[in-house]
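Participant: need coordinates for the below:
(chains A and B)
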Number of protein chains: 2
Amino acid sequence: MDKTTKIEEIVEDEAAKLEAEADSDATVMMPALDAAEKPADKTGAINAAVINPKADLAALDALEYELFALRYAMGELTSFAEVIDPDGATDDRGEAVGYLMEKSTNALCAPEIGALLDRLEANPAILNATQAAQVKILKRDRAQLLDVPVEEQVALAKLQNESAGVWRKAKLSNDWASFEPYLDKAVEAQIRIAGYKNPGKDPYDVWLDEFEHDTDRAFYDAFFAEVKETVVPLLADVVAAGQPTEAVEGTFGEARQWALAKELLELEGLDKDRLWVGPTEHPFTGGSSRNFVIVTGHVYEDQVLSNVYSILHEGGHALYEQNVDEKLNRTSLAGGTSSGMHEAQSRFFENYVGRSKAFARPLLALMKNHFPGPLSRITPNQLYIAANRAEPGLIRTEADELTYPLHIIVRYEIEQLLFSGEAKASDVPGLWRDKYKSYLGVNVPDYTRGPLQDVHWSEGLFGYFPTYALGSAYGAQLKHHMIADGVDFDGACAAGNLEPIRSWLTRNIWRYGRSKDPAELIQGACGEPFSAHYFCDYLRDKFSAIYRLK
Amino acid sequence: MDKTTKIEEIVEDEAAKLEAEADSDATVMMPALDAAEKPADKTGAINAAVINPKADLAALDALEYELFALRYAMGELTSFAEVIDPDGATDDRGEAVGYLMEKSTNALCAPEIGALLDRLEANPAILNATQAAQVKILKRDRAQLLDVPVEEQVALAKLQNESAGVWRKAKLSNDWASFEPYLDKAVEAQIRIAGYKNPGKDPYDVWLDEFEHDTDRAFYDAFFAEVKETVVPLLADVVAAGQPTEAVEGTFGEARQWALAKELLELEGLDKDRLWVGPTEHPFTGGSSRNFVIVTGHVYEDQVLSNVYSILHEGGHALYEQNVDEKLNRTSLAGGTSSGMHEAQSRFFENYVGRSKAFARPLLALMKNHFPGPLSRITPNQLYIAANRAEPGLIRTEADELTYPLHIIVRYEIEQLLFSGEAKASDVPGLWRDKYKSYLGVNVPDYTRGPLQDVHWSEGLFGYFPTYALGSAYGAQLKHHMIADGVDFDGACAAGNLEPIRSWLTRNIWRYGRSKDPAELIQGACGEPFSAHYFCDYLRDKFSAIYRLK
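Facilitator: Numbering: from 1, shown residues only, chains lettered A, B, ... in the order given. Okay, here's the model as predicted:
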């Protein structure tokens, strides 16, 4: 952990100031009893002036404590569900999680909490920076629960449930027709729900903003235009150049792969006293708090690189979670700030560090400790080339660093057309075919490897895909400014000592948790707003060199 | 699971009856609104007549649902704490568990819940058998939380915390003097607390009853007198006869011991879809509900029998938990009814089944599958003899079936003297020495292997030890009546098919959960009250044969 966290200083200074005010400045406050006796007004307008700082701040603390405890318990119940609980426990655990979720929702949605948050927001002078951020985030979380009428939420849950079942079967049997009406219904529902959340706003913009604050179509249009302009011709050149022969092949035993995974997590800099590592069908990062983070992986004995990069990826998510400032741990500011910023961290360690030329040496050394046989003739440069093979494909989750954003752009463009009404679900297979051909140069042979491949739309998730590509692009910009700030990035990678990298990310990103939105974090870390060109430059430089272009 | 559970029939019949009453018989009820608007009276006396069966039974269900969900979450958080959570998670988890416990206490202790339970108790006609048992148990659980003033609970928790720390150090350094004052203070505190719980009653009787309902000194005096009369001379004869040479020795690899453990649990009859098995420092049985039971063990590579019998023991606890009637699962009637009855099940499978001559054959066959080398020359009879070695010793937790109750009698007699004021903590080492010499024939060389060996007193637990011995004795009586009922006990053991044994225990004990107290269960299963002579006869017959006495 970084020792000079600004947040801690602010908290302490402001707390001292507040203490002094609370004790002396009685004229601006109402006595506690009055505040308690007045019935809370729903809009909060009347009570906004009637504030008793000590009582209201204590109420804020009590709310945060309750939400933390419930979040911790839910984290433990849901993370381990996949890892460890026997199948027979599913129903009982579901009931318990349902109860905890309901408690958590009720705690945040209580009318008196609405009034409390309004009063605190209307009296910024009594809040230190952390408390102000807590109020902002709690209001936002509360609005997410309250803005949509309950009937609409119930109807959506029912639709999602049906749709998920239909999608699973449709994907297995390459049957677009059965899923098609559910996609139209899901789009309609999410357009309606966006209207509740923000009546005046373009519905797709509402969802983009929901998953990544302060983003909209204008933001992503600019980003993706630049990416497309760079990557589409670059990929054509890569394909024309032909594939390298370097590869990492052999049989890699499961127990040894797990031993390697644990060493990789240690090398990345995870605190193992606050980490649990184990196997699941699909790798994920989960847990209950910065002090209890779970990373899982899946071993394929014929593919050692799959687990290596998956672990580095999840380890990046876990580093973010573990290094949020300790002071924020039991508040709503704990955890990563957004999907995009979380993905920035995971891809930073998977790609910018993990797939760098410099890191190939310590990585290979670690791998050779466990698998001296199959790796005996591999050099660091060969590992680097093998791990950076770029090739157009059909499946997003199997895509490499270069082609990945093109898979996202296809989805982003189709989602926009669906939300604007320019396309219906029946148009999607054709759009999909045309865009894959045009951007990636591949023919889509069926629906299963086409628009049925991802779970997201069946769950009614629209506007989420773009955050994956944005995360990669955040990472390139962070890397650039980290180096500009004096971090010896390649030196750290080559030495297998990532401390300088972690330290910069802790100071500029991780420690803030949810107290800053992604745009604020980028501005603070880089001294400028988000810009796509770092990502485009990175891809152009890296793959031009690997494929010896021009 | 037994298919003909009486409880289910009762529940269904009574529910149908109730439904009819609730719909038709409006004259004896107050409208729901009235009942809700009347402030609850603390004694419940006024409201006992003002009952709205539908509303009150719905309130009972809601309370049980809340308690179940909190219990489930606490079970998952506390059971896995020891097994899996990283050390760094301790504090956050402690806060979360503390919150859940407080919620659970508050849910049960709310004044309106007191009034509700009083109303329901005063109107038995509207309760089916299960609901009547729920009300009884909920009132009992509630009284345990409310009878003792909060200051007293806080003072006790503080004392326990200090005392536990002092005890740990004292045990390590063989230092009775430092622990001595804490023992006196703990006895004083628990005498005072017993006075709150049941003012007129002998304080030691209060604690005996707390841990095993309907027991008192008269009950245990009679039990232990008979045991002492049998075991002390029997043990002297065993010692005089000399030890057999049979032993199970070798090196038994950890992975194989775990594979064996899992097969043993399957052979015992655990449902593996509702079971999780793994390693801990100290074996235990835990979990969240009948559908999520955790069994742990500890492997010593030079002692295969240690893990085998420990797993059979924990498996017995787990069988009880898994086989409580499904209908009771999300109520306060879930789980075993008492410490003694739980221990009866664990010792039943560890000793009556596991250490029987008949079971030695299938057990050895299973062991030989995993360890053909070291066990190649062992016969079932040799395993039987080796697993039943009886020998006086100093340490309770290492004692065999024959000497175990003598260790308990020493503690029981000393606890009585402390509670009656006839002895102080300073007298304990002398009493300990004399009793071990007199009952077991051994010299106690130090405090560490004497009165400092157990954690119980340092935690203020008095009256708990006797339940361990009682469990064994329950088991002998259950075995006798199971056979009298036609179960081919030895046949089942010899065949390695324990279904007839499980079926009888499910029908007579397990399915009832907490809905019957131990004395009721014994009466129902055996058609007579508890009697110690089955246990004494069993020990006499078994060890006379093994040691060829007379």
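
Participant: point out the residues in the stretch 151-300 of chain A that sit beside chain B.
Facilitator: Residues of the stretch 151-300 of chain A found near chain B (C-beta under 8 Å from any C-beta of the partner chain) are A:271-276, A:288-289, A:291-292. C-beta coordinates here come from the backbone N, C-alpha and C atoms, glycine included.

Participant: okay if I get the residues you listed as a markdown table plus pLDDT and distance to A:Glu459?
Facilitator: Below are these laid out as a markdown table (pLDDT from 0 to 100; distance: C-beta to C-beta, whole Å):
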| residue | pLDDT | distance to A:Glu459 |
| --- | --- | --- |
| A:Asp271 | 97 | 33 |
| A:Lys272 | 95 | 34 |
| A:Asp273 | 95 | 35 |
| A:Arg274 | 96 | 31 |
| A:Leu275 | 96 | 29 |
| A:Trp276 | 95 | 27 |
| A:Ser288 | 93 | 24 |
| A:Ser289 | 95 | 26 |
| A:Asn291 | 96 | 30 |
| A:Phe292 | 95 | 27 |
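
Participant: are any of the residues you listed buried, and which?
Facilitator: Neighbour-count burial within these applies to A:271, A:274-276, A:288-289, A:291-292; the criterion is 16 or more other C-beta atoms under 10 Å in any protein chain shown.

Participant: would you check which pair of those residues lies furthest apart?
Facilitator: Longest distance between any two of those is 14.8 Å, between A:Asp271 and A:Ser288; criterion C-beta to C-beta.

Participant: now the residue nearest the centre of chain A: closest residue in space, sequence neighbours ignored.
Facilitator: Centroid check for chain A by C-alpha atoms, centre = their mean gives A:Ser339 as the closest residue, at 2.6 Å. With sequence-adjacent residues excluded and distances taken as C-beta to C-beta, 6 or more residues apart in numbering or on different chains, A:Ser339 is closest to A:Thr467, at 4.1 Å.

Participant: what average pLDDT does the helix or strand hosting that neighbour get?
Facilitator: A:Thr467 is part of helix A:465-484, with elements assigned from DSSP states H and E. Helix A:465-484 shows a mean pLDDT of 98.

Participant: repeat for stretch A:345-362
Facilitator: Averaged across stretch A:345-362, the pLDDT comes to 98.

Participant: now do the end-to-end distance for that stretch.
Facilitator: The distance separating the two terminal residues of stretch A:345-362, taken as C-alpha to C-alpha, to the nearest Å, comes to 20 Å.

Participant: which residues touch stretch A:367-384?
Facilitator: Residues from elsewhere that reach stretch A:367-384, judged by C-beta atoms under 8 Å, 6 or more residues apart in numbering or on different chains: A:246, A:248-252, A:256-257, A:259-260, A:263, A:304, A:308, A:355-357, A:360-361, A:363-364, A:386.

Participant: does the nearest residue to A:Lys357 once chain neighbours are set aside sit in a helix or strand, and which one?
Facilitator: Of all residues not flanking A:Lys357 in the chain, A:Tyr384 sits nearest, at 5.0 Å (C-beta to C-beta, 6+ apart). Assigned by DSSP H and E, A:Tyr384 belongs to helix A:380-386.

Participant: who's in contact with whatever helix or strand comes next after that helix?
Facilitator: Proceeding N to C from helix A:380-386, the next assigned helix or strand is helix A:404-420, under DSSP H and E. For helix A:404-420, contacts defined as C-beta under 8 Å, 6+ apart pick out A:183, A:187, A:191, A:202-204, A:217, A:220, A:224, A:227-228, A:231-232, A:235, A:396, A:399, A:423-425, A:427-428, A:431-432, A:435-436, A:439-440, A:451, A:454, A:462-463, A:465-466, A:468-469, A:472-473.

Participant: before we move on, what about stretch A:431-450?
Facilitator: When contacts are defined by C-beta under 8 Å, 6+ apart, stretch A:431-450 is touched by residues A:170-172, A:174-176, A:228, A:232, A:235-236, A:239, A:392-395, A:403, A:406-407, A:409-410, A:413-414, A:417, A:423, A:429, A:451.

Participant: quick one on the thing from earlier: for the residue nearest to the centre of chain A, what are its contacts?
Facilitator: Going by C-beta under 8 Å, 6+ apart, A:Ser339 touches A:211-212, A:464, A:467-468, A:471.

Participant: now the residue nearest to A:Lys357: how far from chain B?
Facilitator: When distances are taken as C-beta to the nearest C-beta, to the nearest Å, A:Tyr384 and chain B turn out to be 33 Å apart.

Participant: what separation do you get for that residue and A:Gly165?
Facilitator: 44 Å (C-beta to C-beta, to the nearest Å).

Participant: of the two, who's got more company?
Facilitator: Between A:Tyr384 and A:Gly165, counted using other C-beta atoms under 10 Å in any protein chain shown, A:Tyr384 has the larger neighbour count: 20 against 12.

Participant: wait, isn't the residue nearest to A:Ser339 in contact with A:His213?
Facilitator: No. Under the criterion of C-beta atoms under 8 Å, A:Thr467 makes no contact with A:His213, lying 10.8 Å away.

Participant: shared neighbours of the two, anything?
Facilitator: Common contact partners of A:Thr467 and A:His213 (C-beta under 8 Å, 6+ apart): A:Ser338.

Participant: neighbour-wise, which of those two wins?
Facilitator: Here A:Thr467 and A:His213 are compared on neighbour count by other C-beta under 10 Å; more neighbours surround A:Thr467, at 23 against 17.

Participant: need the contact list for that one.
Facilitator: Neighbour list for A:Thr467: A:211-212, A:338-340, A:343 [criterion: C-beta under 8 Å, 6+ apart].

Participant: go on, A:Gly463?
Facilitator: Listed by C-beta under 8 Å, 6+ apart, the contact set of A:Gly463 reads A:204, A:207-208, A:210-211, A:415.

Participant: can you tell me which of those residues is nearest chain B?
Facilitator: Using C-beta to the nearest C-beta, the shortest approach to chain B within those belongs to A:Phe211, at 27.3 Å.

Participant: which SS class is the residue in the stretch 101-250 of chain A positioned nearest to chain B?
Facilitator: Distances from the stretch 101-250 of chain A to chain B, computed as C-beta to the nearest C-beta, single out A:Lys103 as the nearest residue at 7.8 Å. Here A:Lys103 is recorded as helix under DSSP: H, G, I helix; E, B strand; the rest coil.
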